[in-house]
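[1] Here is a sequence together with a model predicted from it:
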Amino acid sequence: MIRLGVIGYGRRMRHVLATLARFKAGTEVVAVVDPRADSLRQVYAEELVGATFYDDATRMLEEARLDGVLIGTRCSLHTPYAIEVLERNLPLFLEKPVATSFAQAAALKAASERSRSPVVISFPLRLSATCQTALEVIASGALGTVEQVQAVNNVPFYSGGYYHGWMRDDEETGGLWLQKATHDFDYINALVGQRPVRITAMESKTVFRGEMPAGLHCVDCDRQVECPESPFNLFWQGVTKEVEPNDWQCSFAVDTGNHDSASAIIAYESGMHAVYTQNFYTRRGAAARGATVIGYRDTLNFDWYRGELTVHHHHSGRVDRHTFANTGTGHHGGDEELLRDFINVLTGRGESRAPLSAGILSVQMCLLAREACRTQTVQEMSSLARTKVAAG
């Protein structure tokens, strides 16, 4: 049996553990740290049978005789818990973002340099069949060299949590650069195959803002019928199949956080650049997530939502099309690949393809993008120590 400890037993972590269990690799959750211990014991009694709940992570790590740890807490706690695990050299599955500040990122990097822990970061997009195929095409030399990337993330309704739920508190999450762009910056880095050298960005908040009172919940509002974001209308329109109106807060209130669209330009070592944009009020078929990768010879384009990748050969006129019929149960098949990697590092059979270094680099880019928005400047990708001094 492979003994696992879990710090933060939330929705995302339950999905991760369910996917892990389907591998039948002998993994078992034997220890959990979560402030909702009593309710979790009742609601997930079958999944957590035999698991011991601990009041704090330090005690669990000292007493539970663990073979590996998974961290799925709120974002601001990822770094301090990860450092505790790294200090014990245990295999670690760490949710993104790996940090929410320059200080955390610098501390995590320092801890990683002292540790022997193999780490799998929750970056499923880079491991999806679509992205892996794109990497194969690029590696074949078909495009020549990558000269530009144009990437987009037009988020469908699941983005509602960033304005209705606890994730609207960007002090807790670090904001939507860290929540969303951390995935996209990571796969863009993988496609480009170079290190970024500078970044600039701009963000807008033009839709999810308003003058409704702070702390207002949808269930207490008298504008349910006319509000386009009310649980009443979203269910009636078929945008969502299930809502929890008692928990929803008004997305047009004065205390709604997070930008609702943003764009970044990233310069890389060779002088080429990537453009990335994200939007959070698209719906239904307008959803898009993917990239156009352009070389002198060919242009490669893919979109995860459409399950298709095309290669346009500039000089012959030929078009190659790749379709992906079975993309798995999470993040277009990337979750299965992540958990396979975690099993491999637990058993010593393989290495992580989503290492901690990639998570730290992506966080640094997100923080610099956020800083570029705040200061209307171009930010240099200097060392974390110097970046921390410059940007706070």
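    Yes, it's here.
[2] so how many other residues sit close to Arg59?
    12 (other C-beta atoms under 10 Å). Backbone N, C-alpha and C define where each C-beta goes, glycine included.
[3] Quick check: pLDDT value at it.
    Looking at Arg59, its pLDDT is 97.
[4] For it, give its distance to Asn344.
    As for Arg59, its distance to Asn344 is 29 Å (criterion: C-beta to C-beta, to the nearest Å).
[5] ok, now Ala286?
    38 Å.
[6] Please say which of these two ends up with more neighbours.
    Taking other C-beta under 10 Å, Ala286 and Asn344 do not tie; Asn344 has more neighbours (18 against 12).
[7] element containing that one?
    Asn344 is part of helix 334-347, with elements assigned from DSSP states H and E.
[8] for Asn301, same thing?
    Here Asn301 is assigned to strand 298-303, by DSSP H and E.
[9] what's that strand packed up against?
    On a contact count with 3 or more C-beta pairs under 8 Å, 6 or more residues apart in numbering; DSSP states H and E, strand 298-303 meets helix 129-139, strand 288-294, strand 308-313.
[10] Would you tell me what the next helix or strand after the shortest one is?
    Elements were assigned by DSSP H and E; along the chain past strand 308-313, the next helix or strand is strand 319-323.
[11] Return the list of strands paired to that next one, each annotated with direction.
    According to DSSP bridges, strand 319-323 forms sheet pairs with strand 308-313 (antiparallel).
[12] got the angle between the strand it pairs with and helix 129-139?
    20 degrees (axes from the mean of the first three to the mean of the last three C-alpha atoms, to 10 degrees).
[13] Deepest-packed of the helices and strands packed on strand 298-303, please.
    strand 288-294 (a mean of 22; mean count of other C-beta atoms under 10 Å).
[14] pLDDT on that one, on average?
    Mean predicted lDDT for strand 288-294 stands at 97.
[15] Centre of the chain to that strand, how far?
    Put simply, strand 288-294 sits 17 Å off its chain's centre (C-alpha atoms, centre = their mean, to the nearest Å).
[16] so what does that strand touch, helix or strand wise?
    helix 129-139, strand 148-154, helix 182-192, strand 298-303.
[17] Buried residues in the longest helix seen in the chain, which are they?
    Identified as the longest helix of the chain according to DSSP state H is helix 356-375. Using 16 or more other C-beta atoms under 10 Å as the test for burial, helix 356-375 gives 356, 358-373.
[18] Tell me, what's the model's pLDDT at Ser261?
    97.
[19] I'd like the distance between it and Ala201.
    In terms of C-beta to C-beta, Ser261 sits 11 Å off from Ala201.
[20] What of Thr133?
    From Thr133 to Ala201 the distance is 29 Å (C-beta to C-beta).
[21] Please, where are all the helices along the stretch 151-300 of the chain?
    161-164, 170-173, 176, 182-192, 231-236 (DSSP state H, counting those that start in this stretch).
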